[in-house]
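J.: Model the following, please.
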Amino acid sequence: MMAEKEMRNQFRSAITAATVCCRMPVSDETSSITQYLKSLLDTALDGAGLYADVMPLPYQPCSKLPVVIALDGKNPRLLWYYKGMSTPALADELYWLFCDLPLVTGQISA
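T.: Okay, the predicted model is just below:
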C-alpha cells in the first residue's frame, strides 16, 4: 500500500513539473492545444516507455475543448480542456485522469 502511494506521488510530481516547466506557447486553436497537451504528457512520461495519443473531439466552438487522451493506445480518457486553464488546474486534471492506471503509477519516476 505504501509503495502504491509513493508511485502516485511520483506521478503527481512528474505531471506538476511538466506543466510548470513547459514553455510551449498555447493558443485557442485546437491544434495548438493538442500539441501542448502531448508535449506535457511526453515530458511527464519521459523515460517510462509510454507514449500519449491526444485527439480532439468535434465540439461546438466555445471556451472548452473535449480531448481524448490514451497512453500506449489503451484506456482512453476524456479531458475537458478549458482555454486559459491555469497550470495547477491542468496538473490536477491530468493527475486525476490517469492516477488509477497501474500502467502509469508503476513506471513513472519523478
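J.: Can you pull the poorly scored residue ranges out of the chain?
T.: Along the chain, the model assigns pLDDT under 70 to residues 1-4, 102-110.
J.: quick one, helices of it?
T.: 2-21, 30-44, 87-98, 102-105 (DSSP state H).
J.: got a list of what Trp96 touches?
T.: For Trp96, no contacting residues are found, by CB atoms under 8 Å, 6 or more residues apart in numbering. Backbone N, C-alpha and C define where each C-beta goes, glycine included.
J.: Can we start the residue count at 338 from this point?
T.: Right, with 338 as the first residue, what we last looked at is Trp433.
J.: Next one: it from Glu343, what distance?
T.: The spacing between Trp433 and Glu343, counted by CB to CB, to the nearest Å, is 18 Å.
J.: OK, contacts around Cys358?
T.: Going by CB under 8 Å, 6+ apart, Cys358 touches Thr380.
J.: swap the cut-off to 10 Å and go again
T.: Contacts for Cys358 (CB atoms under 10 Å, 6 or more residues apart in numbering) come out as 377, 380-381, 424.
J.: Next, name the residue at the spatial heart of this protein.
T.: In the chain, the residue lying closest to the centroid (CA atoms, centre = their mean) is Leu431, at 4.2 Å.
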